[in-house]
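Asks: Mind folding the following:
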Amino acid sequence: MPKRKQYYVYIMTNKNNTVLYTGVTNSLVRRAYEHKSKFSFYESFTKKYNINKLVYYECFDNVNNAITREKQIKAGSRKKKIDLINKMNPIWRDLYGELYPD
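Replies: Predicted coordinates for the structure are as follows:
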């Protein structure tokens with residue numbers, strides 16, 4: 001039986017938790033690694049603000065649902081994003097080390 005494709009909405013921050021970045025991907029391990037290693041062919045927001053700590057994510061089976069949720073989170077206030085993170089990850093630890101390859 002083929003593995004079902006999964007999609008992730010995630011929030012990353014910098015070491016001081018001062019900047020929040022919300023994104024969507026089909027490979028959370030790969031995408032978080034790219035942020036951490038500053039892999040980019042051009043200057044990016046995440047590179048500029050040293051976004052390298054994964055603090056929140058949600059998983060979806062449908063790409064459209066993931067994109068809708070990403071837009072919903074991005075449209076919300078900073079406080080709403082902080083509340084989401086605090087509910088899942090109250091000490092804001094880096095969740096990257098707890099992920100398993102897709």
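
Asks: Arg69 contacts Glu58, correct?
Replies: Yes: taking contact to mean C-beta atoms under 8 Å, the distance of 6.4 Å between Arg69 and Glu58 places them in contact. C-beta: built from backbone N, CA, C; applies to glycine.

Asks: can you list residues touching both of the two?
Replies: By C-beta atoms under 8 Å, 6 or more residues apart in numbering, Arg69 and Glu58 have these common neighbours: Val9.

Asks: ok now the helix-or-strand element of the chain with minimal mean pLDDT, how far from the chain's centre?
Replies: When the helices and strands of the chain are compared on mean pLDDT, DSSP states H and E, helix 45-48 comes out lowest with a mean of 78. The gap between the average C-alpha position of helix 45-48 and the chain average comes to 14 Å, counting by C-alpha atoms, centre = their mean, to the nearest Å.

Asks: Repeat that for stretch 22-31.
Replies: Here the centre of stretch 22-31 is set off from its chain's centre by 6 Å, with C-alpha atoms, centre = their mean.
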